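Engineer: I'll drop the sequence and a predicted model, then ask my questions.
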Amino acid sequence: MAGRVLSYEKKDTWIHELSGVTKLIFFLAWSITSMISYDTRVLVVMLILSIAILRASKTEWRQVGTVFKFILLFLVINVIAIFFFSPYQGCEIYGSKTVIGHLFGNYYFTKEQLFYEANIILKYMTVVPSVFMFIVSTDPSEFAASLNRVGISYYVAYSIAIALRYIPDIQDDYVKIKNAEAARGIELSKKAGLLSRIKNTTPILFPLVFTSMNRIDVVSSAMELRGFGKNKKRTWYRGKSLRAADYAVIAFAVIFCTAALIITFRGGSRFYNPFR
Amino acid sequence: MLIEFKDFSFKYRAQAEPTLKNINLAIESGEKVLIVGPSGCGKSTLAHCINGLVPFMYPGEITGSYSIDGNDPQKLGIFGLSKIVGTVMQDTDGQFVGLTVAEDVAFALENDCVKESAMKQKVDEVSKAVFIDDLLDHSPKELSGGQKQRVSMAGVMVDDVKVFLFDEPLANLDPKTGKSAIALIDDIQKRQQATIIIIEHRLEDALYRDVDRIVLINDGMIVADMRPDDFLSTDLLEKAGIRYPLYVEALRHAGCQITPGSKPQHIESMDLSGYRQKFLDWMQSVTLPKPGITKNVILSINDVGFSYDKTHPVLSDVSFDIHKGEMMSIVGKNGAGKSTLAGLICGFNIQDSGTILLDGEDITALSIKERGEHIGYVMQNPNQMISKPMIFDEVALGLVVRSKPEDEVKQRVADTLRICGLYEMRNWPISALSFGQKKRVTIASILVMDPELIILDEPTAGQDLRHYTEIMEFLRRLNRESGKAIAMITHDMHLMLEYTNRAVVITDGRLIADDTPANILTNDEITERAFLKRTSLYDLASKMGIDDAPGLCNRFIHYERSLKDGRQSSFV
């Protein structure tokens, strides 16, 4: 089956050429920075860079579209929930209250709250492209090899690789099970409402989990039988050593993120305040 | 002595009874041994004792003694054993550890800390030996079942093992690929002077090349350990519920007493002179019933074409009909498009061209759910279909989601469970059921919706003769009593011959035959193209000088049928 969602695809770009470790370091630094910072200027720059990177990795919509829609759904729920649970969070943070409209009861729209929530959306949007880039451009086994090379135990490294390796298989199982259940009347297509679709995923997850457990059992026997875990170390058929481009990217990530955090905290808090 | 078991017994920790009892077995270096036995007889456990999964991964209690290559396996451990015994597992997909062929082959070397350059050299060397050297960068998804198996073989060959242990190597392969797998195993043995142990219940296919000995295990004990010619002359297989090679079975039906001197191991070299007259007499005595009249078409597939990516057609111009109340099979090599075809019929995908008519109406616009009310689909693995813990709820699911009134649901589920012989167990948890019973639950959960046609994907894959018979007799009864049309996707030549009146053969996305199984399986051109295997009854016929090979097949099946129906009352 062509075009699996969120799995590694071989492509010819400089991002694919980078070592998995480089991409992991970049991705971690990027996410941490974006999680800490509420500085709108920093976030906007990061968003632009994120999108540029995603394009450079030639990631296509079919690879990430479904997941992106899911993330958007949660983002919307999140944003609405924040508003209803603490409608004046923004005012507290920025220390002012500029009302621009009335919803009902005690709920008023304020500029500060809108700005605060816009920042949250921005944070999501800066992280999401880097996650996608990382997952679809990193060869799982090369990644495991490089993780091991930077000192992480090969057990952990290989577990991650195997997990990534099984994403496509589990997706295939999912489609197979979903189809068979749909034939029995458990509709997951657009004809069913959102609530019943969520409810209807349980009869699919149940067999999916069992099938996956079975897979794990088989693969761990297979690994054991071929000497996995015998020695403290192991070598890698497909290892990539770090090259100039990798060091450049790592250096960039470190410098950029440090700078971003310095700029963020220069005002004394991690919020950029246009209302003062 | 390379492998030696003395008064060896093994009991899994969670079980009350030992799985292996008092095993005495010696295998010499360079021998090729076939281990056969029904499901659950302990043959896999014996294999696990040899490769170390028992007791290191599946712990339990060992009594008696055993040694492998002069060592105590308990001291060698699973890693030490892996240097002596290379295991090729049954599940060709599951054992694929690496992301590409090269990495998978190199896996054992990586774990041994072999340097990258030495590793690449060794990988190249063994992959040439099993003809996968042009596939090194491919991912497992891009390989056929036979190729995957060769990758697994290469993966253990890098260790220069002395023993190759094949756990049901034929289970996931189409018949012709299975034949080449057996031939390749034979080659490796000859070239490397390796010791080969094959565990398999498809005896006839496994005997495609000579083996030195056959070991029969039943109920945890070694029942026989003899040369193949001697073994096939006994009636031990029948007692253990394993199928004889068809030509031997046919001769036995004719009342011939098989002798080791006639060399029954291969039909090609078997001496039939002593059996000929008796066999011809028997042929004469079996009369065939008149073929049934053709019935109304329920599903009509017309010029259907499909491709996943719009460039590489998976199916093109496929046309055939399925008739009311018939039992038919859809056969062809792995990846020929059979499952895709089933998917189009059920609406999992929509054909690019052509039409599918159900009772004369075009069903292109119907959703999967809507089609599901007329066409039931049963997956190969029941565990992938079962989503409720209790039998009743599982079978009721299709009706409940269609919001049928509770009384109706209860009534229909109860009726269906009765038909399927599950009524007594209706309040059981599904986890308490055997594989065959689970299969019946999944069939019941489809049947309850009262479809006109049921499609089953590999209904008997991996089942031994007893479970195979249990599932197939159930389907046959269902077909006869309820008049449901049943279409089966299968690799099993015997299933198609024994249980279906018609087969359509799909190869490389095209329909190349639509005929009776007896005609198809005696036709060289079709069997060759579709990766099927010509039945050995054909060879028997030609060696006996019988021109009408399909006629022999039909008589054979008819005769077996009458035996089975005679036994039916006591069997079920």
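Structural biologist: Looks like it came in fine. Quick caveat: nothing in here was measured; it's all calculated off a predicted structure. Numbering: from 1, shown residues only, chains lettered A, B, ... in the order given.
Engineer: please make it C-alpha for all contacts and neighbour counts, starting now.
Structural biologist: Noted.
Engineer: got phi/psi on the residue in the stretch 451-572 of chain B positioned nearest to chain A?
Structural biologist: Per CA to the nearest CA, B:Pro451 is where the stretch 451-572 of chain B lies closest to chain A, at 10.6 Å. Main-chain torsions, B:Pro451, degrees, to the nearest 10: phi -80, psi 160.
Engineer: report how many residues lie close to it.
Structural biologist: 17 (other CA atoms under 10 Å in any protein chain shown).
Engineer: could you give me the buried positions within stretch B:303-310?
Structural biologist: Of the residues in stretch B:303-310, B:Asp303, B:Val304, B:Gly305, B:Phe306, B:Ser307, B:Tyr308 count as buried by neighbour count, 16 or more other CA atoms under 10 Å in any protein chain shown.
Engineer: ok, back up a step: quick check on the residue nearest to the residue of the stretch 451-572 of chain B closest to chain A when sequence neighbours are not counted: phi, psi?
Structural biologist: Nearest-residue entry for B:Pro451: B:His374, 4.2 Å, with adjacent residues in sequence omitted and distances by CA to CA, 6 or more residues apart in numbering or on different chains. The phi and psi values for B:His374, taken as degrees, to the nearest 10, are phi -110, psi -30.
Engineer: relative to A:Thr126, how far out is the residue lying closest to A:Asp39 once chain neighbours are set aside?
Structural biologist: By the measure of CA to CA, 6+ apart, the closest residue to A:Asp39 outside its immediate chain neighbours is A:Tyr272, 4.6 Å from it. For A:Tyr272, the distance to A:Thr126 equals 17 Å [CA to CA, to the nearest Å].
Engineer: let me know how buried A:Ile255 is, in neighbour terms.
Structural biologist: If you count neighbours by other CA under 10 Å, A:Ile255 ends up with 12.
Engineer: check the gap between it and B:Ala396 for me.
Structural biologist: From A:Ile255 to B:Ala396 the distance is 62 Å (CA to CA).
Engineer: try A:Ser7
Structural biologist: Applying CA to CA to A:Ser7 and B:Ala396 gives a distance of 37 Å.
Engineer: wait, A:Thr211 sits on B:Asn383?
Structural biologist: Yes: using CA atoms under 8 Å, A:Thr211 is in contact with B:Asn383, at 7.0 Å.
Engineer: can you name the residues that contact the residue of the stretch 451-572 of chain B closest to chain A?
Structural biologist: B:Gly372, B:Glu373, B:His374, B:Ile375, B:Gly376, B:Lys484 (CA atoms under 8 Å, 6 or more residues apart in numbering or on different chains).
Engineer: and stretch B:31-44, does that touch chain A?
Structural biologist: No: for stretch B:31-44, no contact with chain A is found by CA under 8 Å from any CA of the partner chain; the gap never falls below 13.5 Å.
Engineer: off-centre distance for that stretch?
Structural biologist: For stretch B:31-44, the separation from the chain centroid amounts to 15 Å (computed by CA atoms, centre = their mean, to the nearest Å).
Engineer: endpoints of that stretch, how far apart?
Structural biologist: 19 Å.
Engineer: mind listing what B:Ser127 touches?
Structural biologist: The contact partners of B:Ser127, by CA under 8 Å, 6+ apart, come to B:Val105, B:Asp133, B:Val151, B:Ala154.
Engineer: tally of neighbours for the last one?
Structural biologist: Other residues lying near B:Ala154 total 28 when counted by other CA under 10 Å.
Engineer: that one reaches B:Val130, doesn't it?
Structural biologist: Yes: using CA under 8 Å, B:Ala154 is in contact with B:Val130, at 6.7 Å.
Engineer: for the chain, which spans come out with low pLDDT?
Structural biologist: Picking chain A for this. Flagging of chain A using pLDDT under 70 yields the residue ranges A:1-4, A:188-192.
Engineer: was after chain B, sorry
Structural biologist: Along chain B, segments meeting pLDDT under 70 span B:292-294, B:567-572.
Engineer: which bits of the stretch 151-276 of chain A sit near chain B?
Structural biologist: Counting by CA under 8 Å from any CA, the residues of the stretch 151-276 of chain A close to chain B are A:162, A:165, A:177, A:179-187, A:203-204, A:206-208, A:210-211, A:215, A:218-219, A:221-231, A:233-238.
Engineer: of the contacts of B:Ser127, closest to chain A?
Structural biologist: For these, the nearest to chain A is B:Val105 (9.7 Å; CA to the nearest CA).
Engineer: quick one: contacts for the residue lying closest to the closest one once chain neighbours are set aside?
Structural biologist: Distances taken as CA to CA, 6+ apart place B:Gly155 nearest to B:Val105, at 4.0 Å, with adjacent residues excluded. Residues counted as contacts of B:Gly155 (CA under 8 Å, 6+ apart) are B:Asp104, B:Val105, B:Ala106, B:Phe107, B:Ala108.
Engineer: try B:Asp362
Structural biologist: Here B:Asp362 is in contact with B:Thr355, B:Ile356 (CA under 8 Å, 6+ apart).
Engineer: now for B:Val448, how many residues are close by?
Structural biologist: 23.
Engineer: quick one, phi/psi of it?
Structural biologist: phi -60, psi -20.
Engineer: strands of chain A, start to end?
Structural biologist: For chain A, applying DSSP state E gives strands covering A:99-104, A:107-110.
Engineer: helices of chain A, start to end?
Structural biologist: Using DSSP state H, the helices of chain A run over A:14-17, A:20-36, A:40-56, A:61-85, A:89-94, A:111-137, A:140-149, A:154-183, A:194-200, A:202-225, A:244-266.
Engineer: residues touching the last one, excluding its own?
Structural biologist: What that stands for is helix A:244-266. Residues outside helix A:244-266 that contact it (CA under 8 Å, 6+ apart) are A:18-19, A:22, A:25-26, A:29-30, A:33, A:37-39, A:42, A:270-272.
Engineer: which one of those is nearest to B:Val286?
Structural biologist: Nearest to B:Val286 among these: A:Ser19, at 71.8 Å, using CA to CA.
Engineer: name all residues that make contact with that closest one.
Structural biologist: With CA under 8 Å, 6+ apart, A:Ser19 has these contacts: A:Thr138, A:Glu142, A:Phe143, A:Ser146, A:Lys240, A:Ser241, A:Leu242, A:Asp246.
Engineer: for stretch B:122-135, which positions count as buried?
Structural biologist: Using 16+ other CA under 10 Å as the test for burial, stretch B:122-135 gives B:Lys122, B:Val123, B:Asp124, B:Val126, B:Ser127, B:Ala129, B:Val130, B:Ile132, B:Asp133, B:Leu135.
Engineer: which one of those residues is nearest chain A?
Structural biologist: Nearest to chain A among the buried residues of stretch B:122-135, with distances taken as CA to the nearest CA, is B:Val123, at 9.8 Å.
Engineer: re earlier: so what's the residue nearest to A:Asp39 up against?
Structural biologist: Per CA under 8 Å, 6+ apart, neighbours of A:Tyr272: A:Tyr38, A:Asp39, A:Thr40, A:Arg41, A:Thr264.
Engineer: how about 7 Å then?
Structural biologist: By CA atoms under 7 Å, 6 or more residues apart in numbering or on different chains, the contact set of A:Tyr272 is A:Tyr38, A:Asp39, A:Thr40.
Engineer: could I get those residues as JSON lines with neighbour count?
Structural biologist: As requested, the contacts of A:Tyr272 are exported to JSON lines (neighbours: other CA atoms under 10 Å in any protein chain shown):
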{"residue": "A:Tyr38", "neighbour count": "23"}
{"residue": "A:Asp39", "neighbour count": "22"}
{"residue": "A:Thr40", "neighbour count": "22"}
